[in-house]
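Asker: Sharing a model prediction with you, sequence too.
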Amino acid sequence: MCGIVGLFLKDKALEPKLGAMLSEMLVSLSDRGPDSAGIAIYGAATGNEAKITVQSPKPDRDFRGLDAELAKAIGAPVSVAVKSTHAVIRTTPDKVDTAREALQTLRPDIRIMGAGEAVEIYKEVGLPEAVVDRFDVRSMTGTHGIGHTRMATESAVTTMGAHPFSTGADQCLVHNGSLSNHNNMRRELIRDGMKFETENDTEVAAAYLSNRMAHGKNLGEALEGTLSDLDGFFTFVVGTKNGFGVVRDPIACKPAVMAETDQYVAFGSEYRALTKLPGIDNARVWEPEPATVYFWEH
Ligand SMILES: NC(=O)CC[C@H](N)C(=O)O
């Protein structure tokens, strides 16, 4: 099982409702995965601000005074917006790597969920409803987003094992399925400098795409590569700063449905995830083909 959703807006008028629509879509698939849930929301990048979403098992201790300590350590302005166990740290784009390093020393228990100019990632153990409430995702505005509710097949049920997995700036991925060559692929990617936080197969798929894009491929080309380089079952839904992509393995045994109108492109593991979207009755609705890459960019 596992339930995945994605929503890529074309109509700016819907942006204030992105969090509410994506939350509704994910909650409707709760029975596909009780272990953990997560959502990535992309807001418009301003070009002069970067965001690092972090998680702490002890938020009261770790987030208190962090803004001033981190600003001093990296020599740049920092703000910290706390939401339950997560916080979004904002600083200047050139300081993201320095800030990540400084965090390891200042707050060793903090985990990084993702970073970039546009993305914020919220994920925890528990059902979608609880996760969406805890992080007030329904009130979030944005241009596109992806979400996941997990029934674990690989690796422990932990915050870090929850999807979306983010392995590159503004990149993240959710997955329904299981990969059979992820250990070999992980070793190959580590040899090429990629870093891993978990034993999870999906993290390998995310890192594979980040690695290919770091080598100059665009999102569509990187997704195409999964069809020859990754073995096993997969439906992937992927977000980048401006883009949104979908690919299914050649057998495509995991359910998937897409809908497109003038206002949005939407993905759901099942049609019930799409039923509340505006104009769905007149949308073009289709099952994405096996071994076929779909992607959209703003
Ligand atoms: N049921 C699934 O699709 C699981 C996805 C992935 N293999 C995981 O364990 O997280």
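Answerer: Cool, got the structure.
Asker: What are the boundaries of the helices in the chain?
Answerer: If DSSP state H is used as the criterion, the helices of the chain fall at 18-27, 59-63, 66-74, 96-106, 128-134, 182-191, 201-214, 219-229.
Asker: Kindly reformat the ones you listed as CSV containing mean neighbour count.
Answerer: C-beta here means a position set from N, CA and C on the backbone, and glycine is covered the same way. Formatted as CSV, the helices of the chain follow (neighbours: other Cβ atoms under 10 Å):
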stretch, mean neighbour count
helix 18-27, 24
helix 59-63, 15
helix 66-74, 17
helix 96-106, 16
helix 128-134, 19
helix 182-191, 15
helix 201-214, 24
helix 219-229, 18
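Asker: Show the contacting residues for the spatially closest residue to residue 177 that is not a sequence neighbour.
Answerer: Of all residues beyond its chain neighbours, the one nearest residue 177 is residue 233 (3.4 Å), with distances taken as Cβ to Cβ, 6 or more residues apart in numbering. When the contact criterion is Cβ atoms under 8 Å, 6 or more residues apart in numbering, the partners of residue 233 are 176, 177, 178, 179, 249, 251, 253, 254.
Asker: Okay, and the beta partners of the fourth one?
Answerer: I take that to be residue 179. The bridge-partner assignment for residue 179, based on DSSP bridges, gives residue 232.
Asker: I'd guessed it sits against residue 230; true?
Answerer: Yes. Under the criterion of Cβ atoms under 8 Å, residue 179 makes contact with residue 230 at 5.6 Å.
Asker: Mind listing the shared neighbours of the two?
Answerer: Taking Cβ under 8 Å, 6+ apart as the contact definition, residue 179 and residue 230 share the neighbouring residues 185, 204, 205.
Asker: correct me, but the second one touches residue 184?
Answerer: No. The pair residue 204 / residue 184 is not scored as a contact, 9.3 Å apart, by Cβ under 8 Å.
Asker: residues from the stretch 51-200 of the chain in reach of the ligand?
Answerer: If contacts are counted using Cβ under 6 Å from any ligand atom, the residues of the stretch 51-200 of the chain sitting beside the ligand are 150, 151, 152, 153, 154, 175, 176, 177, 178, 200.
Asker: The first one: neighbour count?
Answerer: Using other Cβ atoms under 10 Å, the number of residues around residue 150 comes to 28.
Asker: Next: the fourth one.
Answerer: Residues contacting residue 153 under the criterion other Cβ under 10 Å number 17.
Asker: what's near enough to touch it?
Answerer: Residues near residue 153 by Cβ under 8 Å, 6+ apart: 178, 201.
Asker: roughly how far apart are the nearest residue to residue 34 once chain neighbours are set aside and the ligand?
Answerer: Leaving out its chain neighbours, the residue that sits closest to residue 34 by Cβ to Cβ, 6+ apart is residue 127, at 6.1 Å. To the ligand, residue 127 is 15 Å away according to Cβ to the nearest ligand atom, to the nearest Å.
Asker: show me the contacts for residue 127.
Answerer: Applying Cβ under 8 Å, 6+ apart to residue 127 gives the contacts 30, 34, 37, 149.
Asker: do residue 226 as well
Answerer: The neighbours of residue 226, taking Cβ under 8 Å, 6+ apart as the test, are 205, 208, 209, 234, 236, 247.
Asker: With distance to residue 282 and pLDDT added, can I get the residues you listed in TSV?
Answerer: Output for the contacts of residue 226, formatted as TSV (distance: Cβ to Cβ, whole Å; pLDDT from 0 to 100):
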residue	distance to residue 282	pLDDT
205	34	98
208	37	98
209	33	98
234	31	98
236	28	98
247	27	98
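Asker: picking that back up, make a markdown table out of the contacts of residue 127 and add neighbour count and pLDDT.
Answerer: A markdown table is the format used below for the contacts of residue 127 (neighbours: other Cβ atoms under 10 Å; pLDDT from 0 to 100):
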| residue | neighbour count | pLDDT |
| --- | --- | --- |
| 30 | 15 | 98 |
| 34 | 17 | 95 |
| 37 | 30 | 98 |
| 149 | 33 | 98 |
